[in-house]
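Chemist: okay, sequence plus prediction incoming.
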Amino acid sequence: MTEASLAPAAPRAVPRVLALANQKGGVGKTTTAINLGTALAAIGETVLIIDLDPQGNASTGLGIERSRRRVSTYDVLTGEIELRDAVLETAVPRLHIAPSTLDLSGIELELASQRDRAFRLRDAIRRLNGAADSDPERTDPEYTYVLIDCPPSLNLITVNAMAASNAILVPLQCEFFALEGLSQLLKTVEQVRTTLNPGLSIHGIVLTMFDARNNLSTQVVDDVRQFMGEKVYETIIPRNVRVSEAPSYGKPVLLYDLKCVGSQAYLRLASEIIQRERSLRVAAA
Ligand SMILES: Nc1ncnc2c1ncn2[C@@H]1O[C@H](COP(=O)(O)OP(=O)(O)O)[C@@H](O)[C@H]1O
Ligand SMILES: [Mg+2]
């Protein structure tokens with residue numbers, strides 16, 4: 001027996017899995033996945049973003065051209081390939097992405113008759129870390145955070161994300177209909193908790209595209225805080241043109257313009273999330 005085989009196996013890192021979900025489009029799910037992921041990586045976490053929207057905006061926003069998406073989350077969900085083999089590096093150190101393609105829009109029908117159809121992503125994430133266990137030659141990173149960017153729908157793709165997650169992060173846009181649809185989303189989370197994933201919780205609600213010049217924005221913040229209480233993060237993401245420009249350069253806003261108010265807000269959100277994670281861990285211990 002070699003010395004190495006006598007040594008206790010290094011504990012396998014288990015990533016925290018957070019899904020960005022809201023069945024409304026255009027509320028800031030993708031923007032939050034990209035920039036929260038970047039901010040977490042900037043403070044030392046090793047982050048994988050899983051692009052589960054067939055539109056592939058998270059992939060595009062992180063500079064992954066379509067020609068580079070030879071394998072994607074579609075192939076992961078069909079079981080063709082391992083998640084770690086779909087991963088691409090981004091311009092941000094310690095931030096990786098499993099990209100998506102339009103193929104993903106057909107996945108629901110393809111998986112319809114499979115008994116494990118809701119658990120495809122969960123099982124793939126369980127096999128994500130620990131590549132070196134089976135192949136010592138591999139130097140894959142051990143992820144500490146997985147962020148899942150969901151499509152604007154409560155379909156099988158989103159259910160896969162919820163079944164695979166520790167917690168859900170809900171971006172809500174500061175607009176008149178912000179709360180509309182939230183109870184449907186919370187109901188779906190509750191259903192997934194009782195049927196598929198008893199450990200699932202709501203991590204928090206992040207208010208996005210806040211416009212201080214607009215009284216309505218302030219009213220929405222008050223309403224959402226009244227309705228959801230402490231679940232709402234203190235950090236509010238302002239509407240900021242730099243945030244919306246960055247994806248067309250294939251960059252997170254933190255790389256495009258670190259000093260702008262949008263970047264600073266995402267850095268604050270990341271530290272708030274890490275803090276919430278710490279208190280969850282203390283509560284669980
Ligand atoms: N804080 C912000 N300031 C300005 N524009 C934003 C902000 N957050 C998101 N956007 C823009 O709003 C649009 C929708 O955001 P996105 O993250 O794609 O939403 P979703 O993924 O929920 O559909 C995008 O064009 C994005 O650039
Ligand atoms: Mg999106």
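Modeler: Great, that's in hand. Ligands and ions are numbered 1, 2, ... in the order given.
Chemist: C-alpha only now, for contacts and for neighbours.
Modeler: OK.
Chemist: ok, now which ones touch Thr90?
Modeler: Listed by CA atoms under 8 Å, 6 or more residues apart in numbering, the contact set of Thr90 reads 62-64, 96-97.
Chemist: and which of those is nearest Arg281?
Modeler: His96 (25.1 Å; CA to CA).
Chemist: now for that closest one: which residues touch it?
Modeler: Contacts of His96 by CA under 8 Å, 6+ apart are 47-49, 87-90.
Chemist: could you dump those residues into JSON lines with distance to ligand 1 and secondary structure added?
Modeler: Shown next, in JSON lines, are the contacts of His96 (distance: CA to the nearest ligand atom, whole Å; DSSP: H, G, I helix; E, B strand; the rest coil):
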{"residue": "Val47", "distance to ligand 1": "18", "secondary structure": "strand"}
{"residue": "Leu48", "distance to ligand 1": "17", "secondary structure": "strand"}
{"residue": "Ile49", "distance to ligand 1": "13", "secondary structure": "strand"}
{"residue": "Val87", "distance to ligand 1": "20", "secondary structure": "coil"}
{"residue": "Leu88", "distance to ligand 1": "20", "secondary structure": "strand"}
{"residue": "Glu89", "distance to ligand 1": "21", "secondary structure": "strand"}
{"residue": "Thr90", "distance to ligand 1": "18", "secondary structure": "coil"}
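Chemist: buried subset of those residues, written for PyMOL?
Modeler: In PyMOL, this line selects whichever of these come out buried by 16 or more other CA atoms under 10 Å:
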select buried, resi 47+48+49+87+88+90
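Chemist: could I get the contacts of His96 in TSV, plus columns for pLDDT?
Modeler: Shown next, in TSV, are these (pLDDT from 0 to 100):
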residue	pLDDT
Val47	98
Leu48	98
Ile49	98
Val87	97
Leu88	97
Glu89	97
Thr90	97
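Chemist: list just the nearest of the contacts of His96 to Ser183.
Modeler: Nearest to Ser183, judged by CA to CA, of the contacts of His96 is Ile49 at 26.2 Å.
Chemist: which residues of the stretch 101-250 of the chain fall in helices?
Modeler: 107-111, 120-126, 131-134, 156-164, 182-195, 215-228, 241-245 (DSSP state H, counting those that start in this stretch).
Chemist: those: which one's closest to Gly37?
Modeler: Closest to Gly37 of the helices of the stretch 101-250 of the chain is helix 241-245 (CA to CA; 14.3 Å).
Chemist: quick one: is that closest one near ligand 1?
Modeler: Yes: between helix 241-245 and ligand 1, judged by CA under 6 Å from any ligand atom, the touching residues are 241, 243-244.
Chemist: next SSE after that helix?
Modeler: Using DSSP states H and E, the helix or strand that follows helix 241-245 towards the C-terminus is helix 253-256.
Chemist: now that next one: buried residues?
Modeler: 253-254, 256.
Chemist: so which residues on the stretch 101-250 of the chain come close to ligand 1?
Modeler: So the stretch 101-250 of the chain meets ligand 1 at 208-209, 237-241, 243-244 (CA under 6 Å from any ligand atom).
Chemist: let's see that with 8 Å instead.
Modeler: 149-152, 171, 208-210, 237-247 (CA under 8 Å from any ligand atom).
Chemist: show me which of those residues are buried.
Modeler: 149-152, 171, 208-210, 237-239, 242-243, 246-247.
Chemist: nearest to ligand 1: which residue in the stretch 51-200 of the chain?
Modeler: Pro152 (6.4 Å; CA to the nearest ligand atom).
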